[in-house]
Each structure stands twice: as structure tokens, then as C-alpha cells.
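Novice: sequence first, predicted coordinates after that:
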Amino acid sequence: MDLTTRIKKSRSLIRLLRPLELTSNDLIYPIFIREDGKKFEIPSIKGQRYYSLKDCSEVCKEIIELGIPSVMIFGVLKKKNADGSVALQKNGFHTKIFKKLKREFGDNLTLISNVCLCDYTSSESCVYMEKGKVLNRKTSEMLGKISVIHAEAGADVIAPAAMADGQVKYIRAALDETGFEDVPIMSYIKTDSCLFKPFFKAMSISKTPRKGIDSSKFRADIINQKMFMAKVDLDIREGADIIIVKPAITNLDLILLTKQRYPDIPIAAYQVSGEYSMIKVPSEKGYLDEYPLLMETLNSIKRAGADMILTYYALEVAKLLKGET
Ligand SMILES: [Zn+2]
């Protein structure tokens, strides 16, 4: 009998041989909190809902009870403005969220702040642009200012999502200058994917979200590994503590490459809204089995080298791992 047959002798032996396995410690739950206080199911991300400042504590309590260590905060503002300066308002909405959750949960819940201009600019562009060119420095300086405001309010980790070159350097300097040397930066590196669409719909308050914004100018080309890895190199050189690869399932090779090149840098993979829908919708129609498919995708992401996974399924995954679902 050959070795590969022997090591599959029983299900318990197969379990015993597993080198790494997904646990609830690996999960980060992204949540959407609305400034207007309206609570309803997110039409583009079926099964997920908007929270208000008032009721977001409840879901955070559940997150902690399920053994999930962290939450990614997305604040949906009532009003955005042309230059996004609404982000710098005293007592802005994001500040209120971080203050409240930090006060209520302290170190029991790691609060990650998604820092991007699209949350604040009326064009909903992630970066400042002029005549079709990305203004990296202007964008990075603004992201630095926003990061400090969020850190002051209680954000534990800053996750810049704009993909502006230099953003990590500017944010690190801004945090260090204001006494937040201990706040890590978790930098998003995204391929130019159509899988973000349900998310942008969820975050948008515009009738024509991101009209005229050419995201290929700041995200990495899906076809070009080297372009993606150049951005990984840059962000790590500038001081990124954690790298987020986004989306996950279409970028398993990039997760692996990053892990191989930087074995000491933790990698997060973001199972984005489109990936969530790719599981949710056909499962509801009976074409696929939701939870087996979900676990297969998450385990593949983990196998590729992700240390942690952001997923809209986080609560359900934690329950599945506990055997509650
Ligand atoms: Zn953005």
C-alpha cells in the first residue's frame, strides 16, 4: 500500500494530519454603520444589514461571544463633500463609533479602521485625481490626517484602502508624530476587480456611484502578478505591519507569493462582497451547498497562506466551527 492511501485511512487520521486549520481567531467581521441611523438589510449584500450607532454594540457583543477577535468598521455618512474634508470634522461619525466601541469593549475587540477617501468624497473616489492622474501625495497626506483622528478616537489598527503610492509612509509618519507609534498599519492591496461592486453599492450615498472614476489607475492589474508584488514591496518597505489581499479567491497565487516572499509579515485575505454573493445567491437557488462551499473557499484561502480572513460570513463561520449551525 502506498503512503497516500495509508494517510487517508480514516477521517480522524485525516483530521490529525492537518497542518493548519481555520479557527474563529482568524476571523474579522466587516460591519456597516449608518450615520442616519436607518437599519435594514443591505440590498446588494443579501443577509447582511446596516447597523446604527445605537445598536452596533449588540453585534459586537455577539462577535466577542463567538470568539472572533476583530471587527472592520465601515461608517456610512449622511453627507460627503467634494474634497472629503468632512472626514476631518471634530466629533465626526467615525470618531463617535470608535469612542463608543472602545469604551464598551476595551481590548476584547480589535477595532480596525478602513481609511479611504471614498467614504468622504462626493465623487466616491478612493484617491484624489486631477486630469486623470492620481495625486498620490495629496491623497496620502489626507489619509494620514484621517488615521490620526481615528487612532485618537480608539481605532486599534489603521487599514488604508486607497492604494495611493506612499500612503503607508505618510500614515506611519503621522501616527508616530502624534504618539501612536503602537498603532499598526494593515495595508490593502487590491486587484482591479469587479467583485467589489456590491460593497460600493452598500457604501454609496450617490445616485451614480463612482461615475467616471478609473480604478485601474490606482489598483493592480488582475493579469499582472509583478504589478501586485511591486505594491506589496512598496507598502512593506514603507512600514506596513500586515498586508490585506483583496479579493481573496481570485488572488490565491498572490497570497501565496506574498507569504513566500515575506514569511514574517501576517497576511489577511478579504473575501469580498462579490465572493460572498457568489456563494450566497446560487446556494439560495439550490445550485450549490452554501456552507460546504463557504468552508471550501475559506480553507483554500487559509491554505494559500492567509493568517486571517475578513468575511461577511464571519458569524456563521464561527458558529459552524463550534458545531452550532
Ligand atoms: Zn475607497
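Specialist: Happy to help now that I have it. Predicted model, so just to flag it, every value in this text is computed and none were measured.

Novice: now residue 158, nearest residue through space, not along the chain?
Specialist: residue 147 (4.5 Å; CB to CB, 6 or more residues apart in numbering). Using the backbone N, CA and C atoms, a C-beta is placed for each residue, glycine as well.

Novice: do the helix or strand containing the one you found and the ion meet?
Specialist: Counting by DSSP states H and E, the element that carries residue 147 is helix 136-153. No: using CB under 5 Å from the ion, helix 136-153 stays clear of the ion, with a minimum separation of 10.2 Å.

Novice: show me what that helix is packed against.
Specialist: Using 3 or more CB pairs under 8 Å, 6 or more residues apart in numbering; DSSP states H and E as the contact test, the elements touching helix 136-153 are helix 93-105, strand 110-115, strand 157-160, helix 167-177.

Novice: so which of the ones you listed is nearest the ion?
Specialist: Ranking the helices and strands packed on helix 136-153 by proximity to the ion (CB to the ion) places strand 110-115 first, at 8.0 Å.

Novice: buried stuff in the lowest-mean-pLDDT helix or strand in the chain?
Specialist: Using mean pLDDT, DSSP states H and E, the weakest-scoring helix or strand in the chain turns out to be helix 3-6, at a mean of 83. Buried residues in helix 3-6, counted by 16 or more other CB atoms under 10 Å: none are found.

Novice: swap in stretch 285-295?
Specialist: Buried residues in stretch 285-295, counted by 16+ other CB under 10 Å: 290, 293-295.

Novice: what of stretch 268-277?
Specialist: 268-277.

Novice: sort out which of those residues are in helices and list them.
Specialist: Of the buried residues of stretch 268-277, the ones assigned to helices by DSSP state H are 273-277.

Novice: that older thread, how distant is the least confident helix or strand of the chain from the center of its chain?
Specialist: 40 Å (CA atoms, centre = their mean, to the nearest Å).

Novice: go on, stretch 105-123?
Specialist: Stretch 105-123 sits 10 Å away from the centroid of its parent chain (CA atoms, centre = their mean).

Novice: shaky segments in this structure?
Specialist: 1, 209 (pLDDT under 70).

Novice: now with 90?
Specialist: Low-confidence segments of the chain (pLDDT under 90): 1-9, 19-20, 90, 132, 203-218, 324-325.

Novice: show me what from the chain comes close to the ion.
Specialist: Checking the chain against the ion by CB under 5 Å from the ion, the hits are 116, 118, 126, 161.

Novice: for the closest residue to residue 121 other than its chain neighbours, give its distance to residue 145.
Specialist: Using CB to CB, 6+ apart and skipping the chain neighbours, the partner closest in space to residue 121 is residue 84 (4.0 Å). Distance, residue 84 to residue 145, using CB to CB, to the nearest Å: 10 Å.

Novice: the two: which is more packed in?
Specialist: residue 84 (23 against 17; other CB atoms under 10 Å).

Novice: I'd say that one and residue 124 touch.
Specialist: No: taking contacts as CB atoms under 8 Å, residue 84 lies outside contact range of residue 124: 9.8 Å.

Novice: distance check, residue 52 against residue 97.
Specialist: 10 Å.

Novice: overlap in contacts of these two?
Specialist: Residues touching both residue 52 and residue 97 by CB atoms under 8 Å, 6 or more residues apart in numbering: residue 33.

Novice: redo the residues of the chain next to the ion as CSV? Include neighbour count.
Specialist: CSV is the format used below for these (neighbours: other CB atoms under 10 Å):
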residue, neighbour count
116, 27
118, 21
126, 26
161, 25
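
Novice: looking at these, which one is closest to residue 71?
Specialist: Closest approach to residue 71 among these (CB to CB): residue 161, at 15.6 Å.

Novice: before we move on, back to that, can you list the buried residues in the following helix or strand past the least confident helix or strand of the chain?
Specialist: Sequence order places helix 11-16 as the next helix or strand after helix 3-6, per DSSP H and E. Neighbour counts over helix 11-16 (16+ other CB under 10 Å) mark no residue as buried.

Novice: do stretch 162-173 as well
Specialist: 162-172.

Novice: next one: stretch 42-50
Specialist: 42, 44-45, 48, 50.

Novice: just the C-alphas of it, formatted as PDB.
Specialist: Included here for stretch 42-50 are C-alpha records, laid out as PDB according to Å, rounded to 0.1, in the frame of the first residue of the first chain:
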ATOM      1  CA  ILE A  42     -28.200  45.700   2.700                       C
ATOM      2  CA  PRO A  43     -29.800  45.200  -0.700                       C
ATOM      3  CA  SER A  44     -26.600  44.400  -2.600                       C
ATOM      4  CA  ILE A  45     -25.200  42.100   0.200                       C
ATOM      5  CA  LYS A  46     -28.100  39.800   1.000                       C
ATOM      6  CA  GLY A  47     -28.200  38.500   4.500                       C
ATOM      7  CA  GLN A  48     -26.100  41.400   5.900                       C
ATOM      8  CA  ARG A  49     -27.500  44.500   7.500                       C
ATOM      9  CA  TYR A  50     -26.800  48.100   8.300                       C
END
